[in-house]
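*Asks:* need a structure here:
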Amino acid sequence: MGGCAMRTDTNISSGPEGNATGITAFSMPSWQLALWATAYVALVLVAVTGNATVIWIILAHQRMRTVTNYFIINLALADLCMAAFNAAFNFIYASHNIWYFGRAFCYFQNLFPITVTFVSIYSMTAIAADRYMAIVHPFQPRLSALSTKAVIAGIWLVALALAFPQCFYSTITVDQGATKCVVAWPEDSGGKTLLLYHLVVIALIYFLPLVVMFVAYSVIGLTLWRRAIPRHQAHGANLRHLTAKKKFVKAMVLVVVTFAVCWLPYHLYFILGSFQEDIYYHKFIQQVYLALFWLAMSSTMYNPIIYCCLNRRFRSGFRLAFWCCPWVTPTQEDKMELTHTPSLSIRVNRCHTKDTLFMTGDITPSEATNGQAGGP
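*Replies:* Here you go, the predicted structure:
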């Protein structure tokens, strides 16, 4: 979780420090710092540009404004904020172990990372739940636009509540001339409060939602890949809708797996540190932390790449967004892909028989204009 980075720095600061000259035991050679800075700058640029483009593609085109895509906007916004407001500042702090950004930003830095991490993974969970209802229970009512906004607002409120304790106990200290942003938890026997809080946070923003999504996508996969299409419809709209559903599910499963792989080493690092705090006293831990933190933050830049590679509509959107690049050539088909409204025959077809409705029933009237089975 993003906010845990402060705890790493807190423990690192317990080691030998320099004086007020701004040099600490964790200062790196210039060449090494330049390499890490290049890696982090590249990450931030790709993540911010990619996620901002995803948000533009959805908001600028009426055809893309579906329930699922609103959750994708929420996910992209959280990833954009994580890259812009956590990755860069936390790298500067971890690379030298001196806090340069003042008390107010110390509070923010211990509140915001956990908040946006929670928002990211629960936006993925909401997408999985929406797809589950659309595909496994196509006759059940779908979320309205108002309900979707309420769910998104609820995700943010719960995320802020979960992150508040770490923000509340944040403070600025000076350790042998070096300024630190630390989380000063109340004294208790053996640090049980700290350990319990971090285990609860890791469970809520990693393990629990991943289990829920694993179950949801397993059921969705079994439902889709077992679904048979009547022979007389094997080359019609139903086949296209079913294929689109499968592609979208594959893309979202890849998004979830990428998130899980990127964040697992980071969470294990903190779980290990909770039981063996002496690992934070070794100077090599700085390099380990920077590598694990980069891997975790890199999860913010992969989703736009996945959408672009696996979704035709997003691919058209990216070509339109980057039309000024010499290697990008948007076509008229790209514009039609995002603006063209399907003919009325699709809606008539989905209402023709109960069997047809079962095949296309996860496309609400508002999503019918989206053309890709409730996906982007």
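
*Asks:* Now do the buried residues in stretch 31-45.
*Replies:* Residues of stretch 31-45 classed as buried by neighbour count (16 or more other CB atoms under 10 Å): Trp36, Ala39, Tyr40, Leu43, Val44. Where you see a C-beta, it was placed from the backbone N, CA and C, and this is true even at glycine.

*Asks:* Poorly predicted segments of the stretch 101-250 of the chain, please.
*Replies:* 188-191, 227-239 (pLDDT under 70).

*Asks:* where along it do the helices fall?
*Replies:* With DSSP state H, counting those that start in this stretch as the criterion, the stretch 101-250 of the chain has helices at 102-136, 145-168, 192-202, 208-226, 237-275.

*Asks:* Of all these, which one is nearest Pro29?
*Replies:* helix 237-275 (23.6 Å; CB to CB).

*Asks:* Next, the angle from that closest one to helix 102-136.
*Replies:* Inter-element angle recorded for helix 237-275 and helix 102-136: 140 degrees (by axes from the mean of the first three to the mean of the last three CA atoms, to 10 degrees).

*Asks:* In terms of secondary structure, what does helix 237-275 contact?
*Replies:* Using 3 or more CB pairs under 8 Å, 6 or more residues apart in numbering; DSSP states H and E as the contact criterion, the elements in contact with helix 237-275 are helix 5-12, helix 102-136, helix 192-202, helix 208-226, helix 285-310, helix 345-350, helix 354-360.

*Asks:* about what we covered before: tell me the most buried of the helices of the stretch 101-250 of the chain?
*Replies:* helix 102-136 (a mean of 22; mean count of other CB atoms under 10 Å).

*Asks:* Report all helices and strands that that one contacts.
*Replies:* The helices and strands touching helix 102-136, judged by 3+ CB pairs under 8 Å, 6+ apart, are helix 5-12, helix 67-82, helix 88-96, helix 145-168, strand 170-175, strand 178-183, helix 208-226, helix 237-275.

*Asks:* could I get the ones you listed as CSV with distance to Asp334?
*Replies:* CSV is the format used below for those (distance: least, CB to CB, whole Å):
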stretch, distance to Asp334
helix 5-12, 40
helix 67-82, 18
helix 88-96, 33
helix 145-168, 27
strand 170-175, 47
strand 178-183, 46
helix 208-226, 28
helix 237-275, 18
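
*Asks:* So which of the ones you listed is nearest Pro326?
*Replies:* Among the helices and strands packed on helix 102-136, helix 67-82 comes nearest to Pro326, with 26.0 Å by CB to CB.

*Asks:* which strands and helices sit next to that closest one?
*Replies:* Helices and strands touching helix 67-82, as assessed by 3+ CB pairs under 8 Å, 6+ apart, comprise helix 30-59, helix 102-136, helix 145-168, helix 285-310.

*Asks:* Tell me, how many residues neighbour Val328?
*Replies:* 12 (other CB atoms under 10 Å).

*Asks:* what are the phi and psi angles of it?
*Replies:* Dihedral angles of Val328 (phi, psi; degrees, to the nearest 10) stand at phi -110, psi 130.

*Asks:* so it touches Gly317, yeah?
*Replies:* No. Assessed by CB atoms under 8 Å, Val328 is found out of contact with Gly317, at 11.7 Å.

*Asks:* Make TSV from the helices of the stretch 101-250 of the chain and add distance to Gln332 to it.
*Replies:* Formatted as TSV, these follow (distance: least, CB to CB, whole Å):
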stretch	distance to Gln332
helix 102-136	31
helix 145-168	30
helix 192-202	49
helix 208-226	32
helix 237-275	21
